[in-house]
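In: Quick one: sequence plus predicted model below, questions after.
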Amino acid sequence: MEQVLYIIAITAEAMTAALSAGRRKMDWVGVCIIACVTALGGGTIRNILLGHYPMSWIAHPEYILITIGGALLAGVIASVMKKLKSVFLFLDALGLVVFTIIGCQLAEQLHMPSLIVVLSGVITGCGGGVLRDILCNDIPLLFRKEIYATASLLTGVLYIGIERLGMTTETAAIVAAITGLIVRLFAIRYKWQMPQFVYEEEWD
Amino acid sequence: MEQVLYIIAITAEAMTAALSAGRRKMDWVGVCIIACVTALGGGTIRNILLGHYPMSWIAHPEYILITIGGALLAGVIASVMKKLKSVFLFLDALGLVVFTIIGCQLAEQLHMPSLIVVLSGVITGCGGGVLRDILCNDIPLLFRKEIYATASLLTGVLYIGIERLGMTTETAAIVAAITGLIVRLFAIRYKWQMPQFVYEEEWD
Amino acid sequence: MEQVLYIIAITAEAMTAALSAGRRKMDWVGVCIIACVTALGGGTIRNILLGHYPMSWIAHPEYILITIGGALLAGVIASVMKKLKSVFLFLDALGLVVFTIIGCQLAEQLHMPSLIVVLSGVITGCGGGVLRDILCNDIPLLFRKEIYATASLLTGVLYIGIERLGMTTETAAIVAAITGLIVRLFAIRYKWQMPQFVYEEEWD
């Protein structure tokens, strides 16, 4: 089940990332690189930080083929994707919470303290999007977008909180993921945003 | 003592980083992420490059809480910080040399050659600021700012040079740090800059 | 032989990277950092992803001195380099294929699957240029430039394909490198480009 969700999630991430790359007029090799980095980058950053080897896409090179396939497919059906925009926003939100739970669970297996477990989830959920925005020369969108990193953070905190209450890992994962997903979807629908910190002075 | 200086340094880095994020109109989660990356990123890059695990903030998750606390505090007292600007420039300069010495000492413990010891110091001192500028979509300031990377480099070179002269590690650290700090503070005060290499031609 | 080619390649990469930094009006420390990151960054990213330690420039700190020397030399002879532009474009293309082959061979020694071997070559060949463009706050050029990442990809695919046909590693390396080099040089000469994926809609 988690495996199936993961593959849906990386495919959706790869497809929307390909559209980002397309807006930057990249060539097809660039589009595929951006898609791979976006879909697999969060878990890769997490593994580097935790010192956990090998990377998932080295153990399972088929994940790379799936993301490349997703990117090429997005190029072909870009006009259809626009009409299915709400489907893709849903899949992207699903990917966010699935990646977050996977990141939390990996850190737990490595016996990390709770704060690192949550952080591992957030890095897994959001890291790919940050890398995509850096490569596309944008300010990472998720630092400003509707409840994005926050939904990931909420998912991670709920997951570990529910576990601490004595529930099973499965229960904690399902409740946390569904709650995070609902919050993210509501945030998109009603344009919820976290309060911004706006500071106008020059400093440096 | 070094521990105390380190905590002062990461707090100061987190607070000034929060103001950078605030100028980019990030939300509060983004501000906290930028603060953590800036304060802890230099040591993290160094550890990844040296293959030294675990990261300091995984062994000591309280460092993450300190930087988040610093970022939130900066939001509350931003207007006061402006009046205390010279205090923060001093703490930032202190952080630069403290981080540099810590980076040099870690590489020494790993029996790295002298050039890598110095480089480890510079990466620790400057890496966080580079990551902050990448995430805020700036050209890293330190490649252009008054004697910033250069003060870190000087600190590292002095540290290892004084040790090679037969002095104790403590003496070398104190002399190198104070000299680096003075150079950096003079550079801020008198707007010293390294000569720039300016090349106007198109190449690519 | 490979060692000689490698040193020529990192020197050429460092020299052209210094000109990029010069166009951004960086100071000399910044120029040297950009040169090192460009020349040594691809192999460093690859090693981090494969979990292969130590970094080549830690085992051989003289590589760092070579790239710094190249960067300083570029500053001195920048006006001459302009006249020798075709020589540097050749050396840069040579570097691309040499780095690619080195990256493939390292992944083979680590018994990686074929797809990862090719990817390891592309990351080694292109990673330094991507880091340079991120630090200079550009969209990585290679995602748009004439058959750049593509020439690296072609070199890697040919290398592993020829080996699979039963040829020796040396034959595979030479044939793949020469073919990749010719394709890249023709691409520069005739301004070949990969088809771009252009997508105009706003999405996020």
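Out: Right, received. Where do you want to start? Numbers count the residues shown, from 1 in each chain, chains lettered A, B, ... in the order given.
In: got a pLDDT number for A:Val87?
Out: The model reports A:Val87 with a pLDDT of 83.
In: residue contacts, it?
Out: For A:Val87, the contact set (CB atoms under 8 Å, 6 or more residues apart in numbering or on different chains) is empty. Yep, even glycine has a C-beta here, placed from its N, CA and C like the rest.
In: A:Gly127: what's it in contact with?
Out: A:Gly41, A:Gly42, A:Gly43, A:Thr44, A:Ile45, A:Arg46.
In: quick one: it from chain C, how far?
Out: Distance of A:Gly127 to chain C, given as CB to the nearest CB, to the nearest Å: 14 Å.
In: Now that residue: which helix or strand?
Out: According to DSSP states H and E, A:Gly127 maps onto helix A:114-135.
In: Next secondary structure element downstream of that helix?
Out: Using DSSP H and E, the first helix or strand after helix A:114-135 is helix A:149-164.
In: Just the buried residues of that following helix, please?
Out: A:149-160, A:162-163 (16 or more other CB atoms under 10 Å in any protein chain shown).
In: could you dump that helix to CSV, C-alpha only?
Out: Extracted in CSV, the C-alpha atoms of helix A:149-164 (Å, rounded to 0.1, in the frame of the first residue of the first chain):
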residue,chain,number,x,y,z
ALA,A,149,5.8,23.0,4.8
THR,A,150,3.3,23.6,7.6
ALA,A,151,1.1,20.7,6.5
SER,A,152,4.2,18.5,6.4
LEU,A,153,5.2,19.7,9.8
LEU,A,154,1.7,19.0,11.2
THR,A,155,1.7,15.5,9.7
GLY,A,156,5.0,14.7,11.3
VAL,A,157,4.1,16.1,14.7
LEU,A,158,0.7,14.3,14.7
TYR,A,159,2.4,11.0,13.6
ILE,A,160,4.8,11.0,16.5
GLY,A,161,2.3,12.4,18.9
ILE,A,162,-0.3,9.7,18.2
GLU,A,163,2.4,7.0,18.5
ARG,A,164,3.4,8.5,21.9
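In: Give the other helices and strands that it contacts.
Out: When contacts are defined as 3 or more CB pairs under 8 Å, 6 or more residues apart in numbering or on different chains; DSSP states H and E, helix A:149-164 sits against helix A:85-109, helix A:114-135, helix A:169-190, helix B:28-50.
In: May I have the helix holding A:Gly127 as PDB, with CA atoms only?
Out: Output of helix A:114-135 as PDB, limited to C-alpha atoms (Å, rounded to 0.1, in the frame of the first residue of the first chain):
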ATOM      1  CA  SER A 114      11.500  12.800  18.200                       C
ATOM      2  CA  LEU A 115      12.500  16.200  17.000                       C
ATOM      3  CA  ILE A 116      14.700  14.700  14.300                       C
ATOM      4  CA  VAL A 117      12.000  12.200  13.400                       C
ATOM      5  CA  VAL A 118       9.600  15.100  12.600                       C
ATOM      6  CA  LEU A 119      12.400  17.000  10.800                       C
ATOM      7  CA  SER A 120      13.200  14.000   8.800                       C
ATOM      8  CA  GLY A 121       9.600  13.900   7.600                       C
ATOM      9  CA  VAL A 122       9.500  17.600   6.700                       C
ATOM     10  CA  ILE A 123      12.800  17.300   4.800                       C
ATOM     11  CA  THR A 124      11.500  14.300   2.900                       C
ATOM     12  CA  GLY A 125       8.300  16.000   2.100                       C
ATOM     13  CA  CYS A 126       9.600  19.400   1.100                       C
ATOM     14  CA  GLY A 127      13.200  18.900   0.100                       C
ATOM     15  CA  GLY A 128      12.500  18.000  -3.500                       C
ATOM     16  CA  GLY A 129      10.500  21.100  -4.100                       C
ATOM     17  CA  VAL A 130      13.200  23.200  -2.600                       C
ATOM     18  CA  LEU A 131      15.800  21.700  -4.900                       C
ATOM     19  CA  ARG A 132      13.500  22.200  -7.900                       C
ATOM     20  CA  ASP A 133      13.000  25.900  -7.100                       C
ATOM     21  CA  ILE A 134      16.800  26.400  -6.500                       C
ATOM     22  CA  LEU A 135      17.500  24.800  -9.900                       C
END
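In: can you state the direction angle for that helix and helix A:149-164?
Out: With axes from the mean of the first three to the mean of the last three CA atoms, to 10 degrees as the basis, helix A:114-135 and helix A:149-164 are set at 160 degrees to each other.
In: Tell me how far helix A:114-135 lies from the chain's centre.
Out: 7 Å (CA atoms, centre = their mean, to the nearest Å).
In: Equivalent analysis for stretch A:15-26, please.
Out: 17 Å.
In: ok, it near chain C or not?
Out: Yes. Using CB under 8 Å from any CB of the partner chain, stretch A:15-26 comes into contact with chain C via A:Thr16, A:Ala18, A:Leu19, A:Ser20, A:Ala21, A:Gly22, A:Arg23, A:Arg24, A:Lys25, A:Met26.
In: Within the helices and strands, which one has the fifth one?
Out: If I follow you right, that is A:Ala21. Per DSSP H and E: helix A:2-23 holds A:Ala21.
In: I'd like to know which elements that helix is packed against.
Out: Helix A:2-23 packs on helix A:28-50, helix A:62-76, helix A:78-83, helix A:85-109, helix A:114-135, going by 3+ CB pairs under 8 Å, 6+ apart.
In: just so I know, which of those lies nearest B:His111?
Out: helix A:28-50 (23.2 Å; CB to CB).
In: what is the orientation angle of that closest one with helix A:85-109?
Out: 30 degrees.
In: Give the rounded mean pLDDT of helix A:28-50.
Out: The model assigns helix A:28-50 a mean pLDDT of 94.
In: For that helix, which helices and strands make contact with it?
Out: Using 3+ CB pairs under 8 Å, 6+ apart as the test, helix A:28-50 ends up in contact with helix A:2-23, helix A:56-59, helix A:62-76, helix A:85-109, helix A:114-135, helix B:28-50, helix C:28-50, helix C:149-164.
In: Dump that helix to CSV, keeping only the CA atoms.
Out: Output of helix A:28-50 as CSV, limited to C-alpha atoms (Å, rounded to 0.1, in the frame of the first residue of the first chain):
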residue,chain,number,x,y,z
TRP,A,28,14.2,17.6,-22.5
VAL,A,29,17.3,16.4,-20.7
GLY,A,30,16.9,19.3,-18.3
VAL,A,31,13.2,18.5,-17.8
CYS,A,32,14.0,14.9,-16.9
ILE,A,33,16.7,16.0,-14.4
ILE,A,34,14.4,18.5,-12.8
ALA,A,35,11.7,15.8,-12.5
CYS,A,36,14.1,13.3,-10.9
VAL,A,37,15.5,15.9,-8.5
THR,A,38,12.0,17.0,-7.4
ALA,A,39,10.6,13.5,-7.0
LEU,A,40,13.6,11.9,-5.4
GLY,A,41,15.5,14.9,-3.9
GLY,A,42,13.7,15.1,-0.6
GLY,A,43,14.5,11.5,0.4
THR,A,44,18.1,12.0,-0.9
ILE,A,45,18.8,15.1,1.2
ARG,A,46,17.3,13.2,4.2
ASN,A,47,19.5,10.2,3.6
ILE,A,48,22.6,12.3,3.3
LEU,A,49,21.9,14.2,6.5
LEU,A,50,21.1,10.9,8.4
